[in-house]
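K.L.:
sequence and predicted structure, then a few things I'm wondering about:
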Amino acid sequence: MTLDQTRLVTVSASYGAGGSVIAPALARRLGVPFLQRATTSSGGTAGPEPCAERLSVGEARLTPVHRLLASLTQAMPAGPTQSPPSARHQEENLRRYCEEGIHHLAADGAGVILGRGAAVVLGKERGFHVRLDGPPERRLVQGAAIEGLTHDQARRHMVAADKARIAYVGRLYRADPADPRHYHLVIDSTAIPHDTVVEIILRALSDFPATVPAPRKVSSA
C-alpha cells in the first residue's frame, strides 16, 4: 500500500450484508481506527466504539443522545416531511453527535466508518465509499448466522434494522442509503465470502482514484 493511497473508507450495509464483520476486518487490514454505526441490528442504538479508543471518550460523554436517536429512527417517518421546530432542533443535535467521529477520522485522513450515513456526509470527493447489500432472503440467512439467531428472530432484526437505517439517513440527510450514486463500490456480500469481500475492497482501494477517460467527441459528420 502506497503512502498516498486513500485510507478513509465508509461502509454502508443493510441488515445481514455482513457490515459488522467486514468493516472492522477492513480496518484491521488497513491498520486504521474503526468507527461503528449509530444504530444496532435490532433497531436500537450502539454504545461508544470500543475499537477506536481515541474516539470513545468523546462519544461516551454524549451517550444521552442515543435515546434521541432511538426515538428519531423508531417514531419518525423517513421521508422529506416538514419537521416542527423542536424536532429540527433534536435532529441538529443528533446530526452533530453522529458526525463528530466522522469528521474526526476525515481530518486525520484514515479510518473505516460503518454506517452513520458517512458516504452522504463526506460526499464522493472525500474517502472511498462502499455499499454492502443482497437479496432479502439471503441477508436473512446470513444475518441469523452472524448473530446466532433463529430465522424468526433474524427477520425481526432485519425489519427493525433496515427501517432504522433508512429513517436515520432519510430524516437527517433526505437521502436513501441504498442509492448507488453515493458509493464508489457496491457489492452483493451475501454471494461472496466475507474474506473475499475485504480483498475486493482493498484491491479497488489500491486503484482509487481511478483515471476516468475523457468522453469521446461524436463526429457531426
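P.N.:
Nice, I can see it.
K.L.:
can we go C-alpha only for contacts and neighbour counts from here?
P.N.:
Will do.
K.L.:
neighbours of the closest residue to Gly117 other than its chain neighbours, how many?
P.N.:
Leaving aside its sequence neighbours, Gly117 sits nearest to Val169 (CA to CA, 6 or more residues apart in numbering; 5.7 Å). Counted with other CA atoms under 10 Å, the neighbours of Val169 add up to 23.
K.L.:
and Val169, how far is that from Leu35?
P.N.:
Distance of Val169 to Leu35, computed by CA to CA, to the nearest Å: 17 Å.
K.L.:
convert the C-alpha atoms of the helix or strand the residue nearest to Gly117 falls within to PDB, please.
P.N.:
For Val169, the host element (DSSP states H and E) is helix 151-173. Taking C-alpha atoms only, helix 151-173 is exported to PDB below (Å, rounded to 0.1, in the frame of the first residue of the first chain):
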ATOM      1  CA  HIS A 151     -34.900 -17.400  11.500                       C
ATOM      2  CA  ASP A 152     -37.800 -15.500  13.100                       C
ATOM      3  CA  GLN A 153     -35.500 -13.500  15.400                       C
ATOM      4  CA  ALA A 154     -33.400 -12.500  12.400                       C
ATOM      5  CA  ARG A 155     -36.400 -11.500  10.400                       C
ATOM      6  CA  ARG A 156     -37.500  -9.200  13.300                       C
ATOM      7  CA  HIS A 157     -34.000  -7.700  13.500                       C
ATOM      8  CA  MET A 158     -33.900  -7.200   9.700                       C
ATOM      9  CA  VAL A 159     -37.200  -5.300   9.600                       C
ATOM     10  CA  ALA A 160     -36.100  -3.200  12.600                       C
ATOM     11  CA  ALA A 161     -32.600  -2.500  11.400                       C
ATOM     12  CA  ASP A 162     -33.400  -1.700   7.800                       C
ATOM     13  CA  LYS A 163     -36.200   0.600   8.900                       C
ATOM     14  CA  ALA A 164     -34.000   2.400  11.400                       C
ATOM     15  CA  ARG A 165     -31.100   2.900   9.000                       C
ATOM     16  CA  ILE A 166     -33.400   4.200   6.200                       C
ATOM     17  CA  ALA A 167     -35.100   6.500   8.700                       C
ATOM     18  CA  TYR A 168     -31.800   7.800  10.000                       C
ATOM     19  CA  VAL A 169     -30.300   8.800   6.700                       C
ATOM     20  CA  GLY A 170     -33.700   9.900   5.300                       C
ATOM     21  CA  ARG A 171     -34.500  12.100   8.300                       C
ATOM     22  CA  LEU A 172     -31.100  13.700   8.800                       C
ATOM     23  CA  TYR A 173     -29.900  13.900   5.200                       C
END
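K.L.:
packing partners of it?
P.N.:
Using 3 or more CA pairs under 8 Å, 6 or more residues apart in numbering; DSSP states H and E as the contact test, the elements touching helix 151-173 are helix 65-75, helix 85-108, helix 136-147.
K.L.:
buried residues, the last one. List them.
P.N.:
Which is helix 136-147. Buried residues in helix 136-147, counted by 16 or more other CA atoms under 10 Å: Pro136, Arg138, Arg139, Leu140, Val141, Gln142, Gly143, Ala144.
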